[in-house]
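*Asks:* What follows is a protein structure lacking sequence information:
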């Protein structure tokens, strides 16, 4: 963390799929893969990313072990799944990784993630107890008080929308209309909970909702910045795939998967540190997109979160 660490950094939770054939690879089954955008025969890995003004990298990982695997002694033995590993949902895995990061003193101020994690009350409470804020996506059906978050749209005045960028994308600023509504009174002193709403410019009927916990001094632009930081873990997935072979493995065992993924994360983090040291983060954005495009057509000391979990 000496190179990328920053007190205002954001921890990012997300999962990615690894398409596989057959039934022997640990944790494999037909399940939804966001990478493929459909149900596929695949493994799912849950990851914790770290994003600061210095750069971004992956700092923890966990293989999702479906219930059918967790309850099958023969398959567990064949794949070398440790006896202490029990079924855990993706939010539970995310909560475990966040707890490890907080316990290790990883410098950060915020947590963000998609609706898989935003809908989990225990995960939100874990973040709240850590002293960090969050901007976590939820589905339109998420209840807030006595109605769904979608129903809160009627409380946003016409003048309540602000056009702000969620960060630089491949085609320039990622502009959306944003609104924020304060909500709830159970936050600790000096903190405020609320509902952040994002509206697409080209599709004004398309909304994304986020539950937020922020210092009272934070403003809308702060929340938008954190929400936009989620793209960094997707960029990390793409870079680790194209630059260090994150998904290029032929192992089937629990230990083999964790060893390969951990080494790929370490190599990717090393590259992030080198870019930070040479001041190349912005410049790298262009070269990374070229590298990713080429890969699709065809390819320092940074401490990962201590106690990475099983098979570290």
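*Replies:* Noted; the coordinates are in hand. Keep in mind that what you see is a predicted model, and the values were worked out from it rather than measured.
*Asks:* Scan the protein for its longest strand.
*Replies:* The single longest strand within the chain, with elements called by DSSP state E, is strand 38-52.
*Asks:* buried sites along that strand?
*Replies:* In terms of neighbour count (16 or more other Cβ atoms under 10 Å), strand 38-52 has its buried residues at 40-52. No exception for glycine: its C-beta is placed from N, CA and C like everyone else's.
*Asks:* Would you tell me what the next helix or strand after it is?
*Replies:* As assigned by DSSP states H and E, the chain's next helix or strand after strand 38-52 is strand 55-63.
*Asks:* what element comes up after that next one heading to the C-terminus?
*Replies:* Per DSSP H and E, the helix or strand that comes after strand 55-63 is helix 67-70.
*Asks:* Report the rounded mean pLDDT for that next one.
*Replies:* The average pLDDT within helix 67-70 is 97.
*Asks:* Determine which two of the buried residues of strand 38-52 are furthest apart.
*Replies:* Farthest pair in the buried residues of strand 38-52 (Cβ to Cβ) is 41 and 52. Separation: 36.3 Å.
*Asks:* between the buried residues of strand 38-52, which is nearest residue 3?
*Replies:* residue 52 (9.7 Å).
*Asks:* ok, the closest one touching residue 9?
*Replies:* Yes. Between residue 52 and residue 9 there is a contact at 3.8 Å, judged by Cβ atoms under 8 Å.
*Asks:* Low-confidence stretches in the stretch 101-250 of the chain?
*Replies:* Within the stretch 101-250 of the chain, the set of residues satisfying pLDDT under 70 is empty.
*Asks:* for it, what spans make up the strands?
*Replies:* Using DSSP state E, counting those that start in this stretch, the strands found in the stretch 101-250 of the chain span residues 110-113, 133-138, 143-144, 147-148, 162-169, 172-182, 191-199, 207-215.
*Asks:* Include distance to residue 19 and mean neighbour count when you put those into a markdown table, please.
*Replies:* Output for the strands of the stretch 101-250 of the chain, formatted as a markdown table (distance: least, Cβ to Cβ, whole Å; neighbours: other Cβ atoms under 10 Å):
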| stretch | distance to residue 19 | mean neighbour count |
| --- | --- | --- |
| strand 110-113 | 23 | 28 |
| strand 133-138 | 25 | 25 |
| strand 143-144 | 35 | 15 |
| strand 147-148 | 34 | 14 |
| strand 162-169 | 26 | 15 |
| strand 172-182 | 28 | 16 |
| strand 191-199 | 30 | 20 |
| strand 207-215 | 27 | 21 |
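*Asks:* Can you redo those strands as JSON lines, where the extra columns are distance to residue 68?
*Replies:* Below are these laid out as JSON lines (distance: least, Cβ to Cβ, whole Å):
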{"stretch": "strand 110-113", "distance to residue 68": "25"}
{"stretch": "strand 133-138", "distance to residue 68": "28"}
{"stretch": "strand 143-144", "distance to residue 68": "30"}
{"stretch": "strand 147-148", "distance to residue 68": "32"}
{"stretch": "strand 162-169", "distance to residue 68": "38"}
{"stretch": "strand 172-182", "distance to residue 68": "39"}
{"stretch": "strand 191-199", "distance to residue 68": "36"}
{"stretch": "strand 207-215", "distance to residue 68": "31"}
